[in-house]
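K.L.:
what shape does this take:
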Amino acid sequence: MLESFAIHEEEIVNDGGDVEIGEIYSDAYEELVSKDEEEDMDALLGMYVLGIDEADAFSERLTKEVIALDTANVHAILENAPIVDEVTELLDMTLGSVEDLEEWISTINVKIRYMREDIAAIESANNCLETQVRNNSLLLKELHLVSDRFRVPPEYAETLKEGTFEEVKVAQNVEACKWLATALRDLQPPYLEPSYASMRAIREKRDELEKLKRVFLKRATSFLCDYFSSVIESTISDKDTFSTKGKLRKPVRDDLRFKCRTYARMIKHMKALDKNSLQPLRKSFCLSLNVLIRREVREFANELRSSTVAKQTNSVWLDRLESSKTQSSPVGESTVSEAYSRMLRTFIPFLVDESSFFASFMCFEVQLLTPQVDPDDVSDDSETEARVVNVDDTVPNTQNQQALESKTLKEALRELLDGIQEDFYAVIKWAHRQDPWSCISMQGATEKYLSSHKADAAWFVHGLLDDLQVRISNNFNQVVAETSKQFERTERNQAGVLYSIIKFAKLTTLIEFQIVGRNSRGGIDAAYEILAGTIFSTIENIGENDPKNFEIFAIDNYAAFQDRMYELAAVTPVLEKFYIQATDSYAQACQQYVQTMINYQFERFTSFVEKVEVLLLSTEPGKVSSMPGFTKSDLRKKLKSSLSGVEKSLTFTYKRMQKSIQRQDILTTLWNQYFKPMFFEKYKALEEILSKCYKEESLKPSSADMKIILDRMLIA
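P.N.:
Residues are numbered from 1 along each chain as shown. Just a heads-up that it's a prediction; the model follows:
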């Protein structure tokens, strides 16, 4: 065993310390239990042949041998101490090397960890790059598809850049416009992915299409401006377009609008490309067409005035009202008024139709107005049909868009129709100069059209009608003012009636016949207020200047006013008011006149009755006869002087009234309705005074007899 142990020690030393301690221990253990040792143990045991009963001896022997072995082992160990020390030193060196190895391994592990992290980052970056490569490949593929979709077809590119605009090429231009508008729309969200919109390829494609659009719109606008100008100029050069001497021509637009409708769809798609692209075209179209419209209106108005024969004479217009000559239609509509109505009937529907056509043709996004045809003008419906344009009418959704589009349309309509109002103003001025009172029927004719045209497309026409209405109203107010000054004159006819009453009666008949429309009523009623008020003021002023004859003058004039205004007062409220006022004033004048006549013929007894009535307010009836001037003798003297021959006095009074009152009907009314009741009332009052204050006296004739006398003097 010692030999084997020594052998093992040598193996440990010969390897130069490269064999680990754990391996030494493992080899020694394997040698101790080796097969050879087992064989030696068996041989040793075979040297001792002992029986079973010699166990103690065997044990003792074994003990001795174990001790001997232990001693040998200790001796061997002591002998091998230097070797052990050397082995220990080698073990320490080995342990140091192991520690260095562990530190080196730790460092290597840290570096390996960093390497693994770097490898993971590199793998992640590689994965992202692979993903980006795949995405870029797909994106490039998609971009190629998008680019192919927006690639301008050669035929469209040629049409948009260098194509012509002849009538046969209109469909081709429309198709190119439609494709370009669709392409530009598809390059904008939501038709295109929002993430694509900012990409360089998309921006470049959009810039390319925008440039193509600008080139086409510039070329198309220039061509259409020249085309419309040439078409309108050819219309102007045609002499049959305008009114000539002896022939009034209504404007006709069939041929012009047919030529315009050829390019209607192209204009629509031009606006689809750019909403502001039509501004130069609209302006050019308005300026060219304005020249044509203004000349049509001017030639028509000039010929209308020259061909209209006024029915008036050279005398003053107001003096014609008092003329006794009767015409075939004394209250008919004047010729100048009919001329003005014809002007409106010809041009107002035409201008509305022209405005609506312009708004539709130039693609204004407003609610268009269907032209209204005057019921009196049933000729030529072609103008209404000519409005139809092959352009879809669209209306903006928002109020701001509608307001902006409406404002733009109004500015364009002003450029289209500005200047024609001067010819309408000239017709109004001419009509006022020829027949001042024609403004009544002219105002009604204007009102009829004014209430019909209020849409955006008819804005200018509505404003024109407003201006015409204002001018006609001013003329009417001027006529009323001049007439009122004429009515302030005090000239009378042979019957003592003011000429102003006769003129006013004829004037109201003329006015009422010419009234057309509801709004005219207010202005005419105001005119009646002024004129009738002037007449009544004139009558009152005459009464202040000539109070002696005022009652007779007032009776004659108020009666004349009632007679002449009776029929119109029954249907005209404002005239009914003045009729009632004249009736009251007439009754008041009759009472004053009759009172004057009674006081003149029967002054003593009427004054006596009045004095006694005043005295009775402060004195008892029985004491009146004792008052100075009221004695019975005084009573008898006054009755004798006043009532003796009363029938003759009444007859004389009637004849006196007959000399002052020329109209028998007024005289009869005065006598029967005013004089007899008032005289009988005073006579009866005298009889009552006698019964109260002079009971012993009697009145002859009595009141009953006086009633009989008055009834007997009934005058038919």
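
K.L.:
distance check, Phe300 against Glu354.
P.N.:
Separation of Phe300 from Glu354 (CB to CB, to the nearest Å) stands at 14 Å. In short, each C-beta sits where N, CA and C put it, glycine included.

K.L.:
try Val612
P.N.:
Applying CB to CB to Val612 and Glu354 gives a distance of 88 Å.

K.L.:
one more: Gln591?
P.N.:
Remark: distance between Gln591 and Glu354 (CB to CB) = 67 Å.

K.L.:
Val612 and Glu354 - which one has more neighbours?
P.N.:
When Val612 and Glu354 are compared for neighbours, Glu354 comes out ahead with 26 against 23, by other CB atoms under 10 Å.

K.L.:
surely that one is in contact with Ile293?
P.N.:
Yes: Glu354 lies in contact with Ile293 (CB atoms under 8 Å); the separation is 7.0 Å.

K.L.:
which strands or helices does the helix or strand harbouring Glu210 pack on?
P.N.:
Element membership of Glu210 [criterion: DSSP states H and E] is helix 200-237. In this structure, helix 200-237 makes packing contacts with helix 81-149, helix 154-162, helix 170-186, helix 254-261, helix 264-273, helix 279-307, judged by 3 or more CB pairs under 8 Å, 6 or more residues apart in numbering; DSSP states H and E.

K.L.:
may I see the buried residues of that helix?
P.N.:
Within helix 200-237, the residues scored as buried using 16 or more other CB atoms under 10 Å are 202, 205-206, 209, 212-213, 216-217, 219-221, 223-225, 227-229, 231-232, 235.

K.L.:
what angle sits between that helix and helix 170-186?
P.N.:
Relative orientation of helix 200-237 and helix 170-186, computed by axes from the mean of the first three to the mean of the last three CA atoms, to 10 degrees: 140 degrees.

K.L.:
quick check: mean pLDDT across helix 200-237?
P.N.:
Here helix 200-237 scores 90 as its mean pLDDT.

K.L.:
do stretch 100-119 as well
P.N.:
For stretch 100-119, mean pLDDT is 92.

K.L.:
again, but for stretch 657-674
P.N.:
For stretch 657-674, mean pLDDT rounds to 85.

K.L.:
which parts of that stretch are buried?
P.N.:
Neighbour-count burial for stretch 657-674 [16+ other CB under 10 Å]: Met657, Ser660, Ile661, Arg663, Ile666, Leu667, Thr669, Leu670, Trp671, Tyr674.

K.L.:
please identify the helix or strand for the nearest residue to the fifth one once chain neighbours are set aside.
P.N.:
Using CB to CB, 6 or more residues apart in numbering and skipping residues adjacent in sequence, the residue nearest Ile666 is Ala559, 5.4 Å away. Secondary structure here is read from DSSP H and E; on that basis Ala559 sits in helix 550-569.

K.L.:
show me what that helix packs onto, helices and strands only.
P.N.:
Packed next to helix 550-569, using 3+ CB pairs under 8 Å, 6+ apart, are helix 499-514, helix 520-545, helix 573-601, helix 664-669.

K.L.:
repeat the analysis, applying 7 Å as the threshold.
P.N.:
For helix 550-569, the packing partners by 3 or more CB pairs under 7 Å, 6 or more residues apart in numbering; DSSP states H and E come out as helix 499-514, helix 520-545, helix 573-601.

K.L.:
quick one: those helices as CSV, columns for distance to Val146 and mean neighbour count too.
P.N.:
Output for the helices and strands packed on helix 550-569, formatted as CSV (distance: least, CB to CB, whole Å; neighbours: other CB atoms under 10 Å):
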stretch, distance to Val146, mean neighbour count
helix 499-514, 74, 20
helix 520-545, 69, 17
helix 573-601, 79, 17
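
K.L.:
can you tell me the closest non-neighbouring residue to Val336?
P.N.:
Leaving aside its sequence neighbours, Val336 sits nearest to Ala431 (CB to CB, 6+ apart; 4.1 Å).

K.L.:
residue contacts, the one you found?
P.N.:
By CB atoms under 7 Å, 6 or more residues apart in numbering, the residues touching Ala431 are Val336, Ser337, Ala339, Tyr340, Ser438, Met442.
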